[in-house]
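1. Model the following, please.
(chains A and B)
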Amino acid sequence: AQKITQTQPGMFVQEKEAVTLDCTYDTSDQSYGLFWYKQPSSGEMIFLIYQGSYDEQNATEGRYSLNFQKARKSANLVISASQLGDSAMYFCAMGTSGTYKYIFGTGTRLKVLA
Amino acid sequence: NAGVTQTPKFQVLKTGQSMTLQCAQDMNHEYMSWYRQDPGMGLRLIHYSVGAGITDQGEVPNGYNVSRSTTEDFPLRLLSAAPSQTSVYFCASSRRGSPLHFGNGTRLTVT
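-> Coordinates of the predicted model:
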């Protein structure tokens, strides 16, 4: 069975510092993708970054990077130089080629402090 | 450039009433899905579809029906609403292996 685990219900970070949001996953599929989404207080879901299971390099998108450790089945999101606008809920998600399902973790609420 | 369109944005139902949440996408995505979001539980998959005429159950399918007669549309039906179905509902679509595109959500309250 597939599973996504986010163990940090809430996190605080000082403005301009970096923060790591944890995500571990479980799947028996060899081909899968890992995604991170941001949900601000307005409620929409915003795609941030993607990592494929066969990608050898960690994905980066601007201030976002994905620390992918395949052997540990972890896909942590790193946000560098945090901004007040980064305060939001963050979800880790996985999609597998076998089941074609996308499943989500329970989320981490990040608060950036001025 | 509509993307994924969900209607309505808000809905209040009485217990036992039925309704349909509408979802349409104009990106020719084969994959469409419905999620519900509850505090502390993240997004849970209700039903999904990998193409017209093909649907399957997700993690929490009970109380919900879906159909996929066209590539564009994937409505979610509540046949007899219950207070436990009070939630925020999201429709999403994608190409296989690509990021999901989400609608703006429907906030449903069942009294």
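2. Strands of chain A, residue ranges please.
-> A:3-5, A:10-14, A:19-21, A:24-26, A:32-39, A:46-52, A:60-61, A:64-69, A:74-79, A:88-96, A:102-104, A:108-113 (DSSP state E).
3. among the ones you listed, which is nearest B:S93?
-> B:S93 lies closest to strand A:102-104 among those, at 10.6 Å (C-beta to C-beta). All C-beta spots, glycine's among them, are computed from the backbone N, C-alpha and C.
4. Run me through the strand neighbours of the closest one, direction for each.
-> Looking at strand A:102-104 with DSSP bridges, its partner strands are strand A:88-96 (antiparallel).
5. Just the mean pLDDT for the partner strand, thanks.
-> Strand A:88-96 shows a mean pLDDT of 95.
6. got a markdown table for the strands of chain A, with mean neighbour count too?
-> Shown next, in a markdown table, are the strands of chain A (neighbours: other C-beta atoms under 10 Å in any protein chain shown):
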| stretch | mean neighbour count |
| --- | --- |
| strand A:3-5 | 16 |
| strand A:10-14 | 13 |
| strand A:19-21 | 19 |
| strand A:24-26 | 16 |
| strand A:32-39 | 23 |
| strand A:46-52 | 18 |
| strand A:60-61 | 12 |
| strand A:64-69 | 18 |
| strand A:74-79 | 22 |
| strand A:88-96 | 23 |
| strand A:102-104 | 24 |
| strand A:108-113 | 17 |
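7. Quick one: distance of stretch B:34-54 to the chain centre.
-> 6 Å (C-alpha atoms, centre = their mean, to the nearest Å).
8. Just the endpoints, please. Distance across that stretch?
-> 14 Å (C-alpha to C-alpha, to the nearest Å).
9. Ok, stretch B:81-90 next?
-> For stretch B:81-90, the first and last residues are 17 Å from each other (C-alpha to C-alpha).
10. Check which residues of it are buried.
-> B:A81, B:Q85, B:T86, B:S87, B:Y89, B:F90 (16 or more other C-beta atoms under 10 Å in any protein chain shown).
11. just those that are near chain A?
-> B:F90 (C-beta under 8 Å from any C-beta of the partner chain).
12. Need the buried residues of stretch B:81-90 in CSV (columns: secondary structure and distance to A:N67).
-> Listed next are the buried residues of stretch B:81-90 as CSV, based on DSSP: H, G, I helix; E, B strand; the rest coil; distance: C-beta to C-beta, whole Å:
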residue, secondary structure, distance to A:N67
B:A81, coil, 43
B:Q85, helix, 37
B:T86, coil, 37
B:S87, strand, 32
B:Y89, strand, 32
B:F90, strand, 27
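13. which one of the buried residues of stretch B:81-90 sits closest to chain A?
-> Nearest to chain A among these, counting by C-beta to the nearest C-beta, is B:F90 at 6.6 Å.
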